[in-house]
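Engineer: What shape does this take:
(4 chains)
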There are 2 protein chains.
Amino acid sequence: MASEPATSQPSSKAEPERSKVTFRRPDRDPTRPVYVISVAASIVSVHPRTLRIYEEEGFICPARTPTNIRLYSENDVRRVLWIRHLTQNLGVNLAGVRILFELEERLGTRILERLYSEATSGERPESAPATASAAPSAVEA
Amino acid sequence: MASEPATSQPSSKAEPERSKVTFRRPDRDPTRPVYVISVAASIVSVHPRTLRIYEEEGFICPARTPTNIRLYSENDVRRVLWIRHLTQNLGVNLAGVRILFELEERLGTRILERLYSEATSGERPESAPATASAAPSAVEA
DNA sequence: AGAAACCTATCAATGATGTTGTCAAGAGAT
DNA sequence: ATCTCTTGACAACATCATTGATAGGTTTCT
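Structural biologist: Below you'll find the model as predicted:
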């Protein structure tokens, strides 16, 4: 398992077992499949098993070598990072992630990045209470 | 607990304990708080405890009588019905519901109703796989 | 050849979440 | 007195997400 499909990346044979090995990620073509599963898992700080599950669930679709090895692209990694942000930071479950992804595709806009950019701006709006019955006005008996 | 704040609604004292009692829901002002918690819970087919939790979580904000009794409006009920659709039918957790609600408010559009209307049209699109690395093209070794 | 990493498939442990149910004490209405 | 509501707290149960492990097989590298 040493096929280095093109890009000269830092040796992934150093077995990055959750170690703090840093990777210079290729910034050429984000759609190019370049990472084997162990590397992708390390980049994203997730278990390889989790990556496989995400694929089974249809969230990502990494490329395959002729010998059936998964290769993840930069876009795959970003997508997983986004899923992790939603699930770990915001607590959204996978069904929710699915809905959000579908929304994004349906609306044809990057609504998630809009939300993300506002979240990183430290705006962190309060979870607004229901707009319905806005003022819990006491009702006259 | 007999303050009937205005609308003459079917007697809620019949103790609708998940029974199949049907209610003629007032269709005048959807923001008017008219249902006590037991009635609202029955309409939505949910446990009263759950309604309280939804309120604690900030999803709904029912009105209160001078004696601290919750009164839910039609809009509250609709909002809970929508939450239930997301959680029970689509499997979204409450954190996901929260994100979707925030999105809706932020975009100032009824994206959820758009999704809902398409879901009820029996369209039920497949969970599209990741748009990244669309074609899992085999990579030459 | 042997080791490591990949593959699929399966099972299991653990922690978190959501819903429901219960109890206690109190308040309000009939 | 009885019923329904309130708050607060606790608990049971089912489900989900993540991680971990095992088995058997394949591929790659030394």
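
Engineer: Now do the strands in chain A.
Structural biologist: Under the criterion DSSP state E, strands of chain A are mapped to A:33-35, A:63-64, A:70-73.

Engineer: Out of these, which is closest to DNA strand C?
Structural biologist: Taking Cβ to the nearest atom of the strand, strand A:70-73 is the member of these nearest to DNA strand C, at 3.0 Å. Where C-beta positions appear, they are placed from N, C-alpha and C, glycine not excepted.

Engineer: Dump stretch A:61-71 to PDB, keeping only the CA atoms.
Structural biologist: Coordinates of each C-alpha in stretch A:61-71 appear next as PDB, following Å, rounded to 0.1, in the frame of the first residue of the first chain:
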ATOM      1  CA  CYS A  61     -18.100   9.400  -1.800                       C
ATOM      2  CA  PRO A  62     -14.400   9.000  -1.900                       C
ATOM      3  CA  ALA A  63     -12.700   7.700  -5.100                       C
ATOM      4  CA  ARG A  64     -11.300   4.200  -5.400                       C
ATOM      5  CA  THR A  65      -8.100   2.900  -6.700                       C
ATOM      6  CA  PRO A  66      -8.100  -0.100  -9.100                       C
ATOM      7  CA  THR A  67      -7.400  -2.200  -6.000                       C
ATOM      8  CA  ASN A  68     -10.400  -0.800  -4.200                       C
ATOM      9  CA  ILE A  69      -8.600   1.500  -1.900                       C
ATOM     10  CA  ARG A  70     -10.400   4.700  -0.800                       C
ATOM     11  CA  LEU A  71      -8.900   8.000  -1.700                       C
END
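
Engineer: re the thing from before, which of the strands of chain A is buried the deepest?
Structural biologist: Of these, the one with the most neighbours on average (mean count of other Cβ atoms under 10 Å in any protein chain shown) is strand A:33-35, at a mean of 26.

Engineer: Quick check: mean pLDDT of that one?
Structural biologist: The predicted model assigns strand A:33-35 a mean pLDDT of 95.

Engineer: Which parts of chain A are helices?
Structural biologist: Assigned by DSSP state H, chain A shows helices spanning A:37-44, A:48-56, A:74-84, A:94-107, A:111-120.

Engineer: nearest to B:Arg32, of the ones you listed?
Structural biologist: Closest to B:Arg32 of these is helix A:94-107 (Cβ to Cβ; 31.0 Å).

Engineer: Could you check that closest one and say which residues are buried?
Structural biologist: For helix A:94-107, a neighbour-count test (16 or more other Cβ atoms under 10 Å in any protein chain shown) marks A:94-104 as buried.

Engineer: ok, the residues you listed vs DNA strand C, which is closest?
Structural biologist: Once Cβ to the nearest atom of the strand is applied, the member of the buried residues of helix A:94-107 that ends up nearest DNA strand C is A:Gly96, at 8.8 Å.

Engineer: just checking, the closest one touches B:Phe101?
Structural biologist: No - proximity of A:Gly96 to B:Phe101 does not meet the contact threshold set by Cβ atoms under 8 Å, at 11.6 Å.

Engineer: related to what we said a few turns ago, closest one to B:Ser38 among the helices of chain A?
Structural biologist: helix A:94-107 (29.7 Å).
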